[in-house]
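> Build me a model from this:
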Amino acid sequence: MTTTATEAGLKKSWGWMAAFAVISLVGGVLALLNPFAATLAATMMAGWAFAFLGAMQVIQSFQIKGWGGFIWALLFGLLTLAVGVSLIFNPLAGMVSLTMLVAVLFIVTGIVKVMLSFSLRPVTGWGWVLLSGIVSLVLGVMIFADIFAAATQVLGILLGIELISNGVLFLFTALGLRNLR
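Coordinates of the predicted model:
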């Protein structure tokens, strides 16, 4: 069986994917070793992303003459820009705000999972959905219980876990690409 040009190209790219895996795994370990620095970095990156997107939205709002949605697009852009600038110039307060958002998301997700689990009760495995919901709720409550301490750690820990998860994904993808026929 001959390989197609696409398969051959994919096989050649395994080295890049392996490099992505190493970078992601190292970044994840570093984030877990220093969650405060990772949290600060994540907050600053979010700030710059919001600032850039807000500025682009403001510019875009002026691009269409006579558009009825101009004022809303402009206000949205200015609000997004203000959030970004706030995160950049006051990252410690930004850490608290973003951590509160994460806690709220955990709690809301937990409630939804618990409700979903009860609707799945006749299905085998519904208890795992319930357990996942309870874990999400507990995490959200734990974050809120000590929000200021959590604000310096939670985002960095979550970033580290995400980077390690991505690194594992990239590693197994690289190995799969390398073994293409």
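> Please count neighbours and contacts with C-alpha atoms only from this point.
Noted.
> now the lowest-mean-pLDDT helix or strand in the chain, how far from the centre of its chain.
Scoring the helices and strands of the chain by mean pLDDT, DSSP states H and E places helix 5-12 at the bottom, with a mean of 78. How far helix 5-12 lies from its chain's middle: 30 Å, per CA atoms, centre = their mean, to the nearest Å.
> Who are the packing partners of that helix?
Secondary-structure packing of helix 5-12 (3 or more CA pairs under 8 Å, 6 or more residues apart in numbering; DSSP states H and E): helix 154-178.
> in the helix it packs on, what counts as buried?
154-174, 177-178 (16 or more other CA atoms under 10 Å).
> what about that helix, average pLDDT?
Across helix 154-178, pLDDT averages out at 91.
> change the start of the numbering to 21 and stick with it
Yes, from this point I'll number from 21; that puts the last item at helix 174-198.
> That helix: how far from the chain's middle?
For helix 174-198, the distance to the chain centre is 13 Å (CA atoms, centre = their mean).
> what's the answer for stretch 46-62, then?
That offset, for stretch 46-62, works out to 14 Å (CA atoms, centre = their mean).
> Show me what that stretch is in contact with.
By CA atoms under 8 Å, 6 or more residues apart in numbering, the residues outside stretch 46-62 that reach it are 111-112, 115, 171-177, 179-184.
> in this structure, which spans are helices?
Using DSSP state H, the helices of the chain run over 25-32, 34-53, 55-81, 90-109, 111-139, 146-165, 167-171, 174-198.
> mean pLDDT for those: which is lowest?
Minimum mean pLDDT among those: helix 25-32, a mean of 78.
> could you dump that helix to PDB, C-alpha only?
Output of helix 25-32 as PDB, limited to C-alpha atoms (Å, rounded to 0.1, in the frame of the first residue of the first chain):
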ATOM      1  CA  ALA A  25       1.100  12.900  -0.300                       C
ATOM      2  CA  THR A  26      -1.000  14.000   2.700                       C
ATOM      3  CA  GLU A  27       0.100  11.000   4.800                       C
ATOM      4  CA  ALA A  28       3.700  11.600   3.800                       C
ATOM      5  CA  GLY A  29       3.500  15.200   4.800                       C
ATOM      6  CA  LEU A  30       1.900  14.300   8.100                       C
ATOM      7  CA  LYS A  31       4.600  11.800   8.800                       C
ATOM      8  CA  LYS A  32       7.300  14.400   8.200                       C
END
